[in-house]
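Participant: Mind looking at a prediction? Sequence and model below.
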Amino acid sequence: MPSTATRKPVPAASSFEVAPINPQRIFQEVATQLRRLISEGKLRTGDKLPPERELAKRFGVSRNTMREALRALELSGLIELRLGATGGAFVLPGSSNAVVAGMRDLYFLGAITPQHLTEARIAVSAAVIRVACERITDEEIEALEANVAAAERARQQGDFEERTRHHQAFHVMLARTTHNPVLIATTEGIMEITRQFVKAIGPTDEQTYTHPSRKRLLKHLRARDTEKAVAEMGSALTKLHRSYMVKADAPPAARAANAPAPPPPPPGPRPAKARPRALGAA
C-alpha cells in the first residue's frame, strides 16, 4: 500500500521563473539558476524538485545537461539525488561539506602550506573562543571535558588512533558551541586539512603537553576569561606547529625512528597482532 506520508508540494510551474540559458557551459548556467531559487527560498529544505524531464523542458535544455546540473548541485551539498520509485532531487539543509571539500582540494593542489594552516588555525581558534566564551553552556563544557579525558586515556594506553580522533573532534566540538555556521564550517575545513597534513608527515610524538593545556583552556572557558583562553590555545597551536615542522623536515628514516611504538600485545597463549601505527594530531 503506498505511503500516506505527505511531502512538501512540488513547486507549481508558475511558482518560479527561469532566465534564457547562455550556450556556454550550459549545465553551470542551469545549476546557478537553481542555486538562486534555493537561496531565495523559492525551493526550500525538503522540497522535491520537479522530475528531470520537466526541469529540462522548463529550462529548454537536454536531459543530459539537466542531469549534469543536478549532479553539480549534489556535489555542492545543496540537493540529494535519491533512486527508486520515491526518488528524485531533494533540497538539503545547509552543510559544510562543500567548504571542507574545497579546502581539502586547495591543500592537495599545494595552495595551502603548513604556515598558512597554522596562521589560520590560530586566527580562527581565537575567533571561536571569543564567541564561545559568550555562548558556551555548562553542558557543552562538560562534553569537552569528557573529550579531553578520553584523549588522555587513549594516549596513556598507546592508542594513538583514538587519541587523534578525540583531539580533532575537540576543535569541532568547541566551534559548535558558538552556534555560528561560518565558524563551524571553517573549523571543519581547517581540521580536515590538518588531518591530511599529519597523515602525510606520519605519526607524531605523544604530545604530553596537550592534556594540561586543554584543562587550562576549559578552566578559562568556565571563568569566561576570553584573553587567557585565547592565549592558551594560541600557545598550544604554536608549539604543535613547531613539532609538526620538525617532523615534516626530517628524512623518512628519522620519522620512522621517532614514531611512537605500538602498544604491547595483551598476555595470553596466542600473541595478539600489534595495532597498526596511527597518526596523532591536536
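Facilitator: Great, that's in hand. Computed from a predicted structure; not experimentally measured. Numbers count the residues shown, from 1 in each chain.

Participant: show me where the stretch 151-282 of the chain has helices.
Facilitator: In the stretch 151-282 of the chain, the helices defined using DSSP state H, counting those that start in this stretch lie at 160-176, 181-201, 210-222, 226-249, 252-258.

Participant: now do the stretch 1-150 of the chain
Facilitator: Listed from the start of the chain, the stretch 1-150 of the chain has helices (DSSP H, counting those that start in this stretch) covering 26-39, 52-59, 63-75, 97-108, 114-135, 138-156.

Participant: Which positions in the third one come out as buried?
Facilitator: Neighbour counts over helix 63-75 (16 or more other CB atoms under 10 Å) mark 65-70, 72-73 as buried. Yep, even glycine has a C-beta here, placed from its N, CA and C like the rest.

Participant: confidence score at residue 231?
Facilitator: As predicted, residue 231 sits at a pLDDT of 97.

Participant: ok, it - contacts?
Facilitator: The contact partners of residue 231, by CB atoms under 8 Å, 6 or more residues apart in numbering, come to none.

Participant: if I look at it, how far off is residue 122?
Facilitator: Note on residue 231: its distance to residue 122, by CB to CB, to the nearest Å, is 11 Å.

Participant: So for stretch 115-125, mean pLDDT?
Facilitator: Averaged across stretch 115-125, pLDDT comes to 92.

Participant: Go through that stretch and flag the buried ones.
Facilitator: Going by neighbour count (16+ other CB under 10 Å), the buried part of stretch 115-125 is 117-118, 120-122, 124-125.

Participant: cool, stretch 28-47 as well?
Facilitator: 29-35, 37-38, 43, 47.

Participant: Work out which residue lies at the spatial centre of this structure.
Facilitator: For the chain, the residue nearest the mean C-alpha position is residue 188 (3.2 Å; CA atoms, centre = their mean).

Participant: is it true that that residue touches residue 101?
Facilitator: No - applying CB atoms under 8 Å as the test, residue 188 and residue 101 come out as separate, 10.6 Å apart.

Participant: what's around the closest residue to residue 125 other than its chain neighbours, how many residues?
Facilitator: Of all residues not flanking residue 125 in the chain, residue 233 sits nearest, at 4.9 Å (CB to CB, 6 or more residues apart in numbering). For residue 233, the neighbour count with other CB atoms under 10 Å is 23.
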